[in-house]
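Student: sequence first, predicted coordinates after that:
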Amino acid sequence: MFFLFGLTTREQLRFTRSASCRYCGQFAPQQVVQRKTRLSVFFVPLLTLKRTRLQVCTNCGGTSRISGSEEHALAR
């Protein structure tokens, strides 16, 4: 007997908003991306093991982690 299991990581673009970048200081579109890592058994996703929110600058490519409350504040 054997089990097929694995981990998959997917990124989902939540929204884009213009703001100042933390790295380059330019006022440019900032993408908010949600990254999820899921455990799958027999190609069926069962659990979300890790959820990360990222802010990505479209000008310089700088990436930083943000919390859920920071994402909510950026969405306004």
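Tutor: Nice, thanks for sending it over.
Student: check contacts around the most centrally placed residue in the chain.
Tutor: Central residue check for the chain by CA atoms, centre = their mean: the C-alpha nearest the mean position is that of residue 34, 2.4 Å away. Applying CB atoms under 8 Å, 6 or more residues apart in numbering, one finds that residue 34 lies in contact with 11-12, 14, 51-54. In this view, the C-beta of every residue, glycine as well, is placed from N, C-alpha and C.
Student: from those residues, which ones fall inside strands?
Tutor: The strands, defined by DSSP state E, take in 11-12, 14, 51-54 from these.
Student: identify the bridge partners of the nearest residue to residue 33 once chain neighbours are set aside.
Tutor: Closest residue to residue 33 apart from its sequence neighbours, by CB to CB, 6 or more residues apart in numbering: residue 54 at 4.7 Å. Here residue 54 sits in beta bridges with residue 33, residue 65, going by DSSP bridges.
Student: count of neighbours near residue 54?
Tutor: The number of residues packed around residue 54, counting by other CB atoms under 10 Å, is 16.
Student: pull the contacting residues for it.
Tutor: Shown here is residue 54, whose contacts under the criterion CB under 8 Å, 6+ apart are 32-35, 63-66.
Student: so which of the residues you listed is the most crowded?
Tutor: residue 32 (19 neighbours).
Student: mind listing what's buried along stretch 20-35?
Tutor: 21, 30, 32-33 (16 or more other CB atoms under 10 Å).
Student: can you lay out these as a markdown table showing pLDDT and distance to residue 4?
Tutor: What follows is the buried residues of stretch 20-35, written out as a markdown table (pLDDT from 0 to 100; distance: CB to CB, whole Å):
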| residue | pLDDT | distance to residue 4 |
| --- | --- | --- |
| 21 | 92 | 42 |
| 30 | 94 | 39 |
| 32 | 96 | 33 |
| 33 | 97 | 29 |
